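> Fold the following for me, if possible:
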Amino acid sequence: MTGKFITLEGIEGSGKSTSLKDITAILDECSIKYITTKEPGGGPLGSDLRSMLLNKDSKISSEVELLLMMADRKDHIDNLVIPNLKKGIWVLSDRYLDSTYAYQGGGREIDTSVIDRLVDILKLPQPDLTFLFDLPPEAALERAIQRSALDRFESEPIDFHTRIRNAYIQLAKNNKRRFKIIDSSKDFDGVKEQVVKIMSQFLND
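Numbers count the residues shown, from 1 in each chain. Presented below is the predicted three-dimensional model:
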């Protein structure tokens, strides 16, 4: 039996990392084997690409950024995600393909047909379940500032993050079966309650 592929999406500071721990705790209780990973940077080439993409001093165009993201993703999928899924091991990824539609498509305003074409060429699989942690950009960035120094994406102006959020919401509307929206404006317990409910439903389907 193949494993399940679960992704966590959202703008910076939306609470993905905290909720990842809640999801793994549920899988532990069910004795389900899993791995956790992230993008960019989850594959063998990941650390160098992640550093380049997140470094505020990197001078790269939107198109180069897109291609680097896709190169990192293909490496990640081929060397980590697919091999584990084939073994029946679940894969939980902090960001995946929807991030590109949101950040490069929405934020950088690259035509989504360009992204669609790359997805087809690279034969990138769809997740089984995607959590979208939704939060107003102002609140999300305030959390990000409190957490650590801002990276290249976090340092972009507020309208960039607003476009990203809008793109995510549109993706969720277009993929209602796969996407589950989490209201991240709630406190830790409120967010956890939503995550646990969705995971319980998913495991029982």
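> where's Leu92, which helix or strand?
With secondary structure defined by DSSP states H and E, Leu92 is part of strand 90-94.
> pLDDT below threshold where in this protein?
1, 46, 50, 54-58, 144-152, 155 (pLDDT under 70).
> Now do the phi/psi pair for the most centrally placed residue in the chain.
In the chain, the residue lying closest to the centroid (C-alpha atoms, centre = their mean) is Arg95, at 1.7 Å. Torsion angles at Arg95 (phi, psi; degrees, to the nearest 10) stand at phi 90, psi 150.
> That one contacts Glu12, correct?
No: judged on C-beta atoms under 8 Å, Arg95 makes no contact with Glu12 at a distance of 10.7 Å. In this view, the C-beta of every residue, glycine as well, is placed from N, C-alpha and C.
> Strands of the protein, residue ranges please.
Assigned by DSSP state E, the strands in the chain fall at 5-10, 34-38, 90-94, 129-134, 179-183.
> Just say which of these is most tucked in.
Across the strands of the chain, averaging neighbours per residue (mean count of other C-beta atoms under 10 Å) puts strand 5-10 on top, at a mean of 25.
> which residues are contacting that strand?
The contact list for strand 5-10 (C-beta atoms under 8 Å, 6 or more residues apart in numbering) reads 16, 19-20, 23, 81, 85, 90-99, 102, 125-135, 140, 168, 182, 184.
> and Leu68, how many neighbours does it have?
Summarising burial for Leu68: neighbours were counted as other C-beta atoms under 10 Å, giving 17.
> With Tyr101 as the reference, measure out to it.
According to C-beta to C-beta, to the nearest Å, Leu68 stands 16 Å off from Tyr101.
> residues contacting Glu12?
Going by C-beta under 8 Å, 6+ apart, Glu12 touches 140-141, 144, 153-154, 161.
> And it, how close does it get to Arg177?
Glu12 is 27 Å from Arg177, by C-beta to C-beta.
> go on, Pro83?
Pro83 sits 26 Å away from Arg177, taking C-beta to C-beta as the criterion.
> quick one: which of those two has more around it?
Taking neighbours as other C-beta under 10 Å, Pro83 and Arg177 compare with Pro83 leading, 12 against 6.
> where along the protein do the helices fall?
Using DSSP state H, the helices of the chain run over 16-29, 46-54, 62-76, 82-86, 97-100, 112-122, 137-147, 158-174, 188-204.
> I'd like the ones you listed as CSV, with distance to Ile6 appended.
Listed next are the helices of the chain as CSV, based on distance: least, C-beta to C-beta, whole Å:
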stretch, distance to Ile6
helix 16-29, 7
helix 46-54, 19
helix 62-76, 15
helix 82-86, 11
helix 97-100, 12
helix 112-122, 19
helix 137-147, 21
helix 158-174, 15
helix 188-204, 8
